[in-house]
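[1] Below is the sequence, then the predicted model.
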Amino acid sequence: MSVDAPVRNKVQESLLSRTAAMLIMAVCTVYFLTPIWWLFVGASKSSDQFTSTNPLWFADFDLFANIGDLFAYRDGVFLRWMLNSILYTGGAALLGTVLAAMCGYALAKYRFRGRELIFNVVLSGVLVPATALALPLFLIFSKVDATNTFWSVFLPSLVNPFGVYLARIYASASVPDELLEAARIDGSGEIRTFFKVSTRLMTPALITIFLFHFVAVWNNFLLPLIMLGDERLFPVTLGLYSWNTQVNQIPELRGLVIIGALLSITPLVVAFLFLQRFWRNGLGAGAVK
Amino acid sequence: MRTAFRAASALLVSALALTACGSGGSDDDASGGGTSAASCAPSSGPVTISYTTWIPGIENVVKVWNDKNPNIQVKVQTGPNGNGGTYQNFFNQLKANNTPDLGHIEYDALPSFRVQDGLFDVASCDIVAKAKDQFIPWTWNQVSFGDDKSAWGVPQDSGPMALFYRADLFEKNNIAIPKTWDEYAAAAEKVKAAGGYITNFSQSDINQFAGFTWQAGGRWFANDGQQWTVNLTDDKTKKVADYWQNLISKKLVSTVPPWTTEWDNAYNSSSAWTWVSAVWGANSIMSGAPKTAGKWRVAPMPQWSAGEDIAGNWGGSATAVFKNSKHPYEAAQFALWLNTSEEALALLNKEAQLYPATTAGTKYSYLANPVEFYGDQKIYEVFADASGKVTPDFTWGPTMTSTYANASDGFKAAVSGTGTLNDALTATQKSTIETLKSQAIPVKE
């Protein structure tokens, strides 16, 4: 968020406070980046060098051989997991964003009985952690015999109450009623108006919602853990976790888990690097309301 | 969630289904007729049975079966290991009535499923009852809980324990290979003087400590058909705890957390000289300490008194048939093939280093070969021998997860100098009884 120019001029930042701020940020950066550095270095080592050499510096650089081993292990099941993760996460985030946008838009732009009630109910959904819902969802899916399917993970991942909240806030702030009136007068239907006019105006918020949703689904580990028994349906988080629990018996899995973990964070890193500017804007929009 | 669920089910199912009176007559819940549920009749026509396990490479084993048995097709499901989530999934599935037909359950978790009345008594299948003698007696006891007439799974693998030691270092420093625990402690002093540690005491592998106790004659749990007895503080257990406490206090053992790179490194860099571990530990050393190839040997576990010959056990699991399986006969048939036939056992050993639970299995040719990493010693002969010397009457409790967690907390504290191992066991004794009570499982105070 930009601070108004006159204010900035008045506050003369002292050298001390600037140094302190930089110092704190430097510490945080080191704190957050060290594990990733460790992961990268660890992933580049062969298994015997992994235990016997400095964990924060390279030995022989075997990264590509390790990646090759990982992709070859059990007929490339890891690639399958990555693909699953992208399907679950990307698919749910895309559809979920559309749903949240429509819902938030409707709550912001249409007046109808029970609007606030619905909004409050949705909003209270923000308070319920996804973890607490996993077991009830499992029992529900068991009733219709749909556990251990793609849909048992995909469908529950579609909804995102926080996205609805953000979409409503943003729609009421960025989509002027006058514009909708004009669209109606020009003969545009409500759905067409939504997709052609309103979503354009809401784009920064939609990207934020998409990112939030993407991260939430990517990190929702318990749902697939409870739902899935078929290895070919696993997302990468669950797959790597399964391997990691077997390290005691099959020690060579440790190397694969490390290289797999490194590869599995790349989609998130990429998503953030490309979309972070929207993310920041959207967060700000949510914050000032 | 888990606790609440278990408590509720434990109230539903008459509180003590465990071995009360023979064949399951004690259930009085809605599922009705204990006797009809326990019948093991073959299904007509082709069936598909599902099997959940985390054994790596199990598909290759199951494929052999599927190719030969077109009418009984087995479908494998997989996931993390038992305590990593699969047991919890089984409990959830029991609640939702959609368990697989077969599940992989370690011996120490079997009682918790039995208490929830989740298992099918495979001894009611004549094929399984007849196969009883093929199994090493103590492994059978792990699934029958000491009751001759029932079996709550088919024993799959076992973890008889022995002493892995660095022959080169012992020889160079002129230290005799310890045959008793007293000699082991004396050797620990000499190893320390030579700049090493005799072993690493694992603060979180309570199963290993249980293996030590098992050998020493400690019996942590007992069930008389009416109620459970918890006994983590009997004299035998105390003796084992005091023994290791002494080594820890004198700093004769290292105490790095197990299964970490630090721990591997202790072995790889020759700082830890022995490991009293199970048969599958052979592979752990091989992959964790590649620099020490050819220098390890295996000897029988040290004894508490000279002249004794008793081994402990660490690990092992069963293939259990769940109560709501629609094809218990076929499931039992597959479980039996998986865990007794030479082709399956050989494959299980090749894919996942499982060590068999049958007497014949421990003598198969694939276990008779010299192992290069161990200086071409035929190490599996030592384990086959140990397997026959595990005492049969060790029983696990129905709440091992919390018992392990509590004991492990206490052990970690003891290792870092707060309290002793015996303090930890005393506290665990108390908390285990409380856990049993909170789940409405009858327990003697």
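    The structure has been received and is ready for your questions. This structure is a prediction, so every number in the text was calculated from the model and none was measured. Residues are numbered from 1 along each chain as shown, chains lettered A, B, ... in the order given.
[2] Point me to the residue of the stretch 51-200 of chain A nearest chain B.
    Residue of the stretch 51-200 of chain A nearest chain B, by C-beta to the nearest C-beta: A:S142 (3.5 Å). For the C-beta atoms, the positions are set from N, CA and C on the backbone; glycine is no exception.
[3] Would you mind listing the residues in contact with that residue?
    Contact partners of A:S142, counting by C-beta atoms under 8 Å, 6 or more residues apart in numbering or on different chains, are B:Q93, B:A96, B:N97, B:N98.
[4] what do you get for A:A59?
    With C-beta under 8 Å, 6+ apart, A:A59 has these contacts: A:S44, A:K45, A:S46, A:Q49, A:T53.
[5] still on that earlier bit, so the residue of the stretch 51-200 of chain A closest to chain B, which state does it fall into?
    Secondary structure for A:S142, judged by DSSP: H, G, I helix; E, B strand; the rest coil, is helix.
[6] confidence score at it?
    In this model, A:S142 is scored at 95, pLDDT.
[7] Filter the contacts of A:A59 down to the buried ones.
    A:S44, A:K45, A:S46, A:Q49, A:T53 (16 or more other C-beta atoms under 10 Å in any protein chain shown).
[8] Helix, strand, or coil at B:W396?
    coil.
[9] Nearest spatial neighbour of it, chain-adjacent residues omitted?
    Once flanking residues are discounted, B:W396 sits nearest to B:D108: 4.3 Å by C-beta to C-beta, 6 or more residues apart in numbering or on different chains.
[10] contacting residues for the closest residue to A:G90 other than its chain neighbours?
    What sits nearest to A:G90 in space, not counting adjacent residues and going by C-beta to C-beta, 6+ apart, is A:F214, at 7.3 Å. Residues in contact with A:F214 (C-beta under 8 Å, 6+ apart) are A:T89, A:G90, A:A93, A:L268, A:A271.
[11] Check for me that the first one belongs to a strand.
    Going back to what we said before, that points to A:T89. No - the assignment for A:T89, made by three-state DSSP, is helix rather than a strand.
[12] Give me the pLDDT value at it.
    Reported pLDDT for A:T89: 93.
[13] Got phi/psi on the residue nearest to B:N97 when sequence neighbours are not counted?
    Leaving aside its chain neighbours, B:N97 sits nearest to B:N324 (5.7 Å; criterion: C-beta to C-beta, 6+ apart). Main-chain torsions, B:N324, degrees, to the nearest 10: phi -90, psi 20.
[14] circling back to that earlier point, tell me the pLDDT at the residue nearest to A:G90?
    90.
[15] buried sites along the helix or strand encompassing it?
    Secondary-structure assignment from DSSP states H and E places A:F214 in helix A:203-219. Residues A:204-218 are the ones in helix A:203-219 that count as buried (16+ other C-beta under 10 Å).
[16] Of those residues, which is the nearest to A:L127?
    A:A216 (14.2 Å; C-beta to C-beta).
[17] mind listing what that closest one touches?
    With C-beta under 8 Å, 6+ apart, A:A216 has these contacts: A:A130, A:N160.
[18] Go again with 7 Å.
    For A:A216, the contact set (C-beta atoms under 7 Å, 6 or more residues apart in numbering or on different chains) comprises A:N160.
[19] B:T180 now?
    Counting by C-beta under 7 Å, 6+ apart, B:T180 makes contact with B:P302, B:Q303, B:S305, B:A306.
[20] give me that answer again for 10 Å
    B:T180 makes contact with B:A186, B:P302, B:Q303, B:W304, B:S305, B:A306, B:G307, B:E308, according to C-beta atoms under 10 Å, 6 or more residues apart in numbering or on different chains.
[21] Report whether the expected contact of the second one with B:A176 is present.
    No - if you go by C-beta atoms under 10 Å, B:P302 and B:A176 don't touch, sitting 11.6 Å apart.
[22] one step back: can you select the buried ones among the contacts of A:S142 for me in PyMOL?
    Remark: buried members of these, expressed as a PyMOL selection using 16+ other C-beta under 10 Å:
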select buried, chain B and resi 93+96+98
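[23] Out of the contacts of A:S142, which comes closest to chain A?
    Minimum distance to chain A across the contacts of A:S142 is 3.5 Å, recorded for B:A96 (C-beta to the nearest C-beta).
[24] Just give the number of residues close to the residue lying closest to B:V298 once chain neighbours are set aside.
    Leaving out its chain neighbours, the residue that sits closest to B:V298 by C-beta to C-beta, 6+ apart is B:I379, at 4.3 Å. Applying other C-beta atoms under 10 Å in any protein chain shown, we find 23 residues neighbouring B:I379.
[25] related to what we said a few turns ago, can you check the contacts of B:T180 and name whichever has the most neighbours?
    Most neighbours among the contacts of B:T180, by other C-beta under 10 Å: B:P302, with 22 neighbours.
[26] What separation is there between that residue and B:I177?
    To B:I177, B:P302 is 9 Å away according to C-beta to C-beta, to the nearest Å.
[27] do the same with A:A108
    For A:A108, the distance to B:I177 - C-beta to C-beta - is 79 Å.
[28] B:A193 too?
    17 Å.
[29] of the two, who's got more company?
    The residue with more neighbours, out of B:A193 and B:I177, is B:I177; 17 against 10, by other C-beta under 10 Å.
[30] As a check, name the ranges of all strands in the stretch 301-445 of chain B.
    Taking DSSP state E, counting those that start in this stretch as the test, the strands found in the stretch 301-445 of chain B are B:313-321.
[31] Chain A contacts on that one?
    For the stretch 301-445 of chain B, the residues in contact with chain A (C-beta under 10 Å from any C-beta of the partner chain) are B:G315, B:E351, B:A352, B:Q353, B:L354.
[32] would JSON lines of these with distance to B:S150 be doable?
    As requested, those are exported to JSON lines (distance: C-beta to C-beta, whole Å):
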{"residue": "B:G315", "distance to B:S150": "23"}
{"residue": "B:E351", "distance to B:S150": "30"}
{"residue": "B:A352", "distance to B:S150": "28"}
{"residue": "B:Q353", "distance to B:S150": "30"}
{"residue": "B:L354", "distance to B:S150": "24"}
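[33] Which members of these define the maximum pairwise distance?
    Distance extremes for those: the farthest pair is B:G315 and B:E351 at 16.7 Å, using C-beta to C-beta.
[34] quick revisit: mind listing which of the residues of the stretch 301-445 of chain B next to chain A are in helices?
    B:E351, B:A352 (DSSP state H).
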